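1. Predicted coordinates and the sequence they were generated for:
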Amino acid sequence: MKYEWKRNSLGDSPAAEIAKEIEALSKKNHNKVSPKQIVKMAKNKSSALHTCFIWDDKKAAGKYREDQARYILRNIIIVCDDDDDERIVTRAFVSIQEDDSSYYTTIKNVGNSDDLYGQLLSQAYEDLEAFREKYKKLKELKTLLDSIDGFFDK
């Protein structure tokens, strides 16, 4: 088995070193690991995990607030009733990836822009592929995953 970073690496340590430490921590805790345990382990400067975290509390607080802002943006929804009194729910804000950065915009802006619509559709395909990869070992989802495979084969 080979460990790699899914996207950009976090910190200076290779994914394999990080995974090894987390697996050891998990084994020590009856095959369970929590983010709180990982942070505690990472406080040790000799840990491969140490470089994955911001240890300056002022900077870390700012980053945490940015995460909270992302949470807010992901959790505001628009609720509409259609002509059949069916409730339609959609996210009010969506993340748009541009080059090496991302930003949020309203779903209305996406609907009014071919470029933004294309970018969101591209992200949807990537999310679908990630879903397929994450759950490909679950036999209960075989029918669904086969239909996703058929979608990508088109």
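-> Ah, there it is.

2. Just say helix, strand or coil for G11.
-> Three-state call for G11 (DSSP: H, G, I helix; E, B strand; the rest coil): coil.

3. In contact with it, which residues are there?
-> With contact set as CB atoms under 8 Å, 6 or more residues apart in numbering, G11 has these partners: 18, 48-53. For glycine as for every other residue, the C-beta is placed from the backbone atoms N, C-alpha and C.

4. Inside helices: which ones of those residues?
-> If you go by DSSP state H, those have I18 in helices.

5. how about CSV for the contacts of G11, with pLDDT, neighbour count and distance to L141 added?
-> Shown next, in CSV, are the contacts of G11 (pLDDT from 0 to 100; neighbours: other CB atoms under 10 Å; distance: CB to CB, whole Å):
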residue, pLDDT, neighbour count, distance to L141
I18, 93, 22, 28
A48, 94, 21, 34
L49, 94, 21, 32
H50, 95, 17, 37
T51, 93, 15, 36
C52, 93, 16, 31
F53, 94, 16, 34
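
6. which stretches of this structure form strands?
-> For the chain, the strands defined by DSSP state E occupy 77-81, 87-91, 93-98, 101-106.

7. now the most centrally placed residue in the chain: how far from I96?
-> With distances taken as CA atoms, centre = their mean, D127 lies nearest the centre of the chain, 9.2 Å away. Distance, D127 to I96, by CB to CB, to the nearest Å: 13 Å.

8. that older thread, closest to K28 among the contacts of G11?
-> Distance ranking of the contacts of G11 against K28, using CB to CB, places L49 first at 14.4 Å.

9. okay but that closest one is in contact with D12, surely?
-> No - judged on CB atoms under 8 Å, L49 makes no contact with D12 at a distance of 10.8 Å.

10. shared neighbours of these two, anything?
-> Contacts common to L49 and D12, judged by CB under 8 Å, 6+ apart, are absent.

11. what comes up buried for stretch 86-93?
-> Buried residues in stretch 86-93, counting neighbours by 16 or more other CB atoms under 10 Å, are found at F93.
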